[in-house]
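Q: just coords:
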């Protein structure tokens, strides 16, 4: 969830303090003067012992919590996000299956883009646009229409790690996709680009993380000033300055100011913009999670809108060439024929 209440957690138990500080978004402090600093990093402070404070405070139960799920439930009931429990376990994503690499290779099918888009089992796996080093696909768990994803065909872990020639092509793909989405959704207020960039090692604390660069692209969605401040987004001109760390980047429009949070002291929850979007759309708790809710109807509607636009519009030659395989193949899919 997105934290609504800035509170101070208070406990008299050393064991309870040790337990709750093991969560990503909880930080133990030893003086009330540190409260504001912790809040500014999108975390919740916990202090051992009674404290005289002039801020909202929650006294943690002396008996503690049965397990991590109990504390997560407690935190959500009280309007703050505690994050996941830090276990210390690390996973090497380089040893795991990469579903984005599989899409880049057309799932191993020795075929053309047109045939692939006609026969691929899942509509969500259709490839809308293909350039020499990138492809654009739809996104499982699309919370709304106009939700797509830019992916490098090479297994690179973040946009910040792109080499110069690849960055030039990526920026062109962003402009092309913005052009297409504005054409498919002419009433949209704009197009936003977002990325949770991974560090260069590929080591992650989440076994199911997709550690392959992918930029989320969506129409009619912007983070509010409040949410930008929550994760300390700051302007950056050269994203490659973040190539040694994980980060969250955000950009309104392909020519807009790129913003980034690469401060490891700031808590940026998993699927942060999706959580904000889900709240804006007043969806039920947990529906932001693409692993739980696929929103296939939004995937279908987006592909259908984009297909109709590409089929009927007078397009720049580059865009027409890079989307032809989708237009010809998607036209013959059962979903379209229905």
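A: Right, received. Where do you want to start? The shown structure was predicted, so the numbers you read here are calculated from the model rather than taken from an experiment.
Q: all contacts plus neighbour counts: C-alpha atoms, from now on.
A: OK.
Q: residues making contact with the helix or strand hosting residue 183?
A: Using DSSP states H and E, residue 183 maps to helix 164-184. Contact with helix 164-184 is made by 131, 133-134, 146, 150, 159, 188, 190-191, 219, 253-254, 305-306, 308-310, 319, as judged by CA atoms under 8 Å, 6 or more residues apart in numbering.
Q: rerun that using 6 Å as the cut-off
A: With contacts defined as CA atoms under 6 Å, 6 or more residues apart in numbering, helix 164-184 is touched by 254, 305, 306, 309.
Q: same deal with stretch 25-35?
A: 21, 43, 44, 45, 46, 47, 82, 83.
Q: which SS state does residue 212 fall under?
A: On the three-state scheme (DSSP: H, G, I helix; E, B strand; the rest coil), residue 212 is labelled coil.
Q: on that earlier part again, how about the contacts of stretch 25-35 in CSV, adding secondary structure and neighbour count?
A: Below are these laid out as CSV (DSSP: H, G, I helix; E, B strand; the rest coil; neighbours: other CA atoms under 10 Å):
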residue, secondary structure, neighbour count
21, coil, 20
43, coil, 28
44, strand, 28
45, strand, 26
46, strand, 29
47, strand, 23
82, coil, 28
83, coil, 19
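Q: farthest-separated two in the residues you listed?
A: The largest separation in these, counting by CA to CA, is between 47 and 83 at 17.8 Å.
Q: show me where this structure has its strands.
A: For the chain, the strands defined by DSSP state E occupy 8-11, 26-29, 44-48, 57-59, 91-92, 127-130, 134-138, 147-152, 191-197, 203-204, 215-219, 234-235, 247-252, 258-261.
Q: could I get the ones you listed as TSV with distance to residue 106 and mean pLDDT?
A: Below are the strands of the chain laid out as TSV (distance: least, CA to CA, whole Å; pLDDT from 0 to 100):
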stretch	distance to residue 106	mean pLDDT
strand 8-11	50	96
strand 26-29	43	96
strand 44-48	45	96
strand 57-59	53	94
strand 91-92	24	67
strand 127-130	9	98
strand 134-138	11	97
strand 147-152	13	98
strand 191-197	23	97
strand 203-204	26	68
strand 215-219	19	97
strand 234-235	36	98
strand 247-252	28	98
strand 258-261	31	98
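Q: all set now, cheers.
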